[in-house]
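> curious how this folds, go ahead:
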Amino acid sequence: MSTTNDPTNQPKAKARTVTWQEISEWQFDNKYILSGYRPAKADYLEIFTSLTFLHNESCNVYTHLIGALLLPLVATTFQRYLAEPQFLNVSFMDYAIFGIYFWCAEICLVLSALYHLMQPHSHQVEQFCHGMDLLGIVIVTVGTFSSGIYYVFFCETSLQKLRWAIVLTTGTVTGVLISNPLLKTPRWRKVKVCAFVIFGASSFIPLLHGVQRYGLEYMLQYSGMKWYLLELTFYGTGVGLYAFRIPERLAPAFLNGKLLDMMYMRQPTGFEEGEKGTLVCELYQSLYGLTPSARIWYDTLAGHLKKMGFRTSMYDSGLFIHETKPRLYLTTHVDDFKIVAQSREEAQQVLDELKFQLNIKDLGPVKHYLGTNIDINEKGVSITLTKYINDLIDSFGLADAHPTLSPLDSGILIDDEPDPMINTREYQRGTGILQYIATKARPDICRAACLLAEHNSKPTKKCRSALIHVLKYLKGTRHLGLHYLRRGTNTNADANSTTTTGYTDSDWGGPHTDARRSVSGYVFTLAGAPISWQSRKQTCVATSSNEAEYIAASEASREAWWIRAVLKNLGINHGSAVPLYMDNKGAIDLTTALNGTKRSKHIDIRFHYTRDLVKQGIIAVKQIPTKEMVADGMTKPLAAEPHKAFLQQIGMLS
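Here you go, the predicted structure:
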């Protein structure tokens, strides 16, 4: 849960630890750990002072650090123990083998302690120490199994050397893969995981060979195989807990909902009772995976909020408005909440009441929400997707690619000849992420994302090239976003107004490769930045540019009515009619015409909705020069210079 309120009312005390919402982007690793983070500080002295207080890495630091301090004492004691008279045939190699084992373990403990201690220093130091931490795991694994190979194949030096060569080779390859800075992107993650798996398997091959050669009883009794199996169990358990974020992730929202209907499920594996297939479990609470679970959770949450004085907005079921306290809202996306209040005290009161009813976590003032970065300051609110875009770029291996100046080339034509060599799943993943980015905070790629998504079922080579082109554009503009200005901080009249302004346009005929259906686009702005935008292919063929613009205006009119209603629902007086700007005089005339003409009488009745809103005074259609049409970038790809002007018009570039 996050809270949003006026930053000027919040105390600015320096804290030793911060919440997940306050850390730098490169520190994001485990969203289930919500507090106890050390803020990024490029100061080694301050980093070492964190040994004196508790934080989210204290356990990791001290378990490795204490082990690193005690191990030399243990190693020295053990080496002296080997020198006692009862061990008659102890050779130099015995001391060397145990020395290698202890040194490898010491290196691993020291590197791990340093990594967990130095994490908040800087991104570069964190990456370097993380690579060294993984390298330490490889080193201790090599040391552990190398010493075991020496004693398992003590009488067969040729097999000793062969097994050592295998372990050292796979260990070296794995070490290079995990420590190479060029291979740190998510694109290489599967390769590195495979290298670790092969490395681990190669380490256990000598044990299996020993069982086949000498028998299981001999291996358990004389080679220490039981200790290796115990070590494997600990390793596997640790990896499983780390990979699945246990126990920190075990607070599912859907378990709060109560089932109203009788439902049954098969007995979970390992917990069966009775004869197989004869008994089932009756469910009392909703679970992830059940069809009604999301609705049950929503109804449960809405019931609690209603008792707290909130009502559901009739225009958006994810928006809750307090009945008596002005400017107190709560928005929800499944189990992620934002509280919007005029003061921290009001937000905290809502939060405390929710904590009493539900098992929720407070993430502090909102900074990150559903992939977006939110910055609230004295000038206003900024929304960006920098980290989300960085992860996307890395996943496609474009970290070193040269950026492009626009999402797509002007006039681009995409053929309809599918290419079986194209990875359809990867293409669909890319277009899906682009749609999300375009919807959340990047209207500048809206048209490109929609155009590429039209070819999801059968992508072509040109589709793939166009997708890469958009990703390269995002790489160069990853820091762009929406910047809503606080009233009184700007001389722009639109930025200081509570009235939304709309722009609608169309591209008559659309792409030449299509069935010549036109493209509609609109943009609505408030506080100096877009709040709603859309690029969409029209469902019918327009017989003229006037008709195409008129159809586009109908879609924009519906959105204008909804925005005006939501603002009124929030207690914001919109005042006069919503201005809707168009650049086609013929289409503007159609919005005020009493009767149809020969060229317009065939237009479907649903597209005449704009006329009714104009007559009611809800919207006011106005003309604007084509060069000033903000929605032009929503209807077709633009060249570099027009696209730059488009970015300036929608407030994404100063």
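> pLDDT-wise, which helix or strand of the protein ranks last?
strand 2-4 (a mean of 54; mean pLDDT, DSSP states H and E).
> I'd like to know which elements the next helix-or-strand element following that strand is packed against.
On the C-terminal side of strand 2-4, the nearest following helix or strand under DSSP states H and E is helix 44-49. Using 3 or more Cβ pairs under 8 Å, 6 or more residues apart in numbering; DSSP states H and E as the contact test, the elements touching helix 44-49 are helix 92-118. C-beta: built from backbone N, CA, C; applies to glycine.
> buried sites along the helix it packs on?
By 16 or more other Cβ atoms under 10 Å, the buried positions in helix 92-118 come out as 94, 97-98, 100-118.
> pLDDT score assigned to the nearest residue to residue 355 once chain neighbours are set aside?
Closest residue in space to residue 355, ignoring its immediate chain neighbours: residue 362 at 7.7 Å, by Cβ to Cβ, 6 or more residues apart in numbering. On pLDDT, residue 362 comes in at 81.
> go on, residue 282?
86.
> where does it sit, in terms of helix or strand?
Assigning secondary structure by DSSP H and E places residue 282 in strand 281-285.
> now do that strand: which elements does it pack against?
By 3+ Cβ pairs under 8 Å, 6+ apart, strand 281-285 packs against strand 258-265.
> just the CA coordinates of the strand it packs on, formatted as CSV?
Extracted C-alpha coordinates of strand 258-265, given in CSV (Å, rounded to 0.1, in the frame of the first residue of the first chain):
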residue,chain,number,x,y,z
LYS,A,258,-14.9,-15.8,2.0
LEU,A,259,-16.6,-18.1,-0.5
LEU,A,260,-20.3,-17.7,-0.7
ASP,A,261,-21.0,-20.9,-2.7
MET,A,262,-20.0,-24.5,-1.9
MET,A,263,-16.9,-25.4,-3.8
TYR,A,264,-14.6,-28.5,-3.7
MET,A,265,-11.0,-29.2,-4.8
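> that strand pairs with which strands, and in what direction?
Taking DSSP bridges as the criterion, strand 258-265 pairs within the sheet with strand 281-285 (antiparallel).
> next structured bit after the helix ranked longest in the chain?
Using DSSP state H, we find that the single longest helix of the chain is helix 123-152. Next in sequence after helix 123-152, counting helices and strands by DSSP H and E, comes helix 157-179.
> is residue 256 in contact with residue 360, as I believe?
No - using Cβ atoms under 8 Å, residue 256 makes no contact with residue 360, being 9.4 Å away.
> of those two, who's got more company?
Under the criterion of other Cβ atoms under 10 Å, the comparison of residue 256 against residue 360 puts residue 256 first, with 19 against 16.
> give me the pLDDT for the more buried one.
71.
> so how far is residue 297 from it?
According to Cβ to Cβ, to the nearest Å, residue 256 stands 6 Å off from residue 297.
> what does residue 370 give?
Where residue 297 is concerned, residue 370 sits at a distance of 17 Å (Cβ to Cβ).
> who has more neighbours out of those two?
Between residue 370 and residue 297, counted using other Cβ under 10 Å, the more crowded position is residue 297 (20 against 11).
> residue ranges in the stretch 451-600 of the chain under the pLDDT threshold?
489-497, 512-514, 594-596 (pLDDT under 70).
> how about 80 then?
The model of the stretch 451-600 of the chain has pLDDT under 80 over residues 487-498, 510-515, 574-575, 593-600.
> output the below-cut-off pLDDT ranges for the stretch 101-250 of the chain.
Applying pLDDT under 80 to the stretch 101-250 of the chain flags residues 148, 152-153, 177-207, 209-210, 221-229, 231-250.
> centre of the chain to the strand holding residue 282, how far?
33 Å (Cα atoms, centre = their mean, to the nearest Å).
> what's the following helix or strand after that strand?
For strand 281-285, the following helix or strand on the C-terminal side (DSSP H and E) is helix 293-307.
> which helix or strand lies directly C-terminal to that next one?
Assigned by DSSP H and E, the successor of helix 293-307 is strand 310-312.
> buried ones in that following strand?
Neighbour counts over strand 310-312 (16+ other Cβ under 10 Å) mark residue 310 as buried.
> quick one: that strand to chain centroid distance?
Averaged over its C-alpha atoms, strand 310-312 has a centre that lies 29 Å from its chain's centre (Cα atoms, centre = their mean).
> how about stretch 138-151?
39 Å.
> got it, and stretch 265-283?
Worked out by Cα atoms, centre = their mean, stretch 265-283 lies 37 Å from the chain centre.
> use 37 as the first number from now on
From this message on, residue numbering opens at 37, which makes the last subject stretch 301-319.
> touching it from outside, list them.
Contact with stretch 301-319 is made by 295, 298, 299, 300, 323, 326, as judged by Cβ atoms under 8 Å, 6 or more residues apart in numbering.
> now the most centrally placed residue in the chain: closest residue in space, sequence neighbours ignored.
The chain has residue 407 as the residue nearest its centroid, 4.5 Å off, counting by Cα atoms, centre = their mean. Spatial nearest neighbour of residue 407, chain neighbours left out: residue 424 (4.4 Å); criterion: Cβ to Cβ, 6+ apart.
> name the helix or strand for the one you found, please.
Per DSSP H and E: helix 422-431 holds residue 424.
> what's the helix or strand just after that helix packed up against?
Using DSSP H and E, the helix or strand that follows helix 422-431 in sequence is helix 460-476. If you count contacts as 3+ Cβ pairs under 8 Å, 6+ apart, helix 460-476 packs onto helix 422-431, helix 482-489, helix 497-512.
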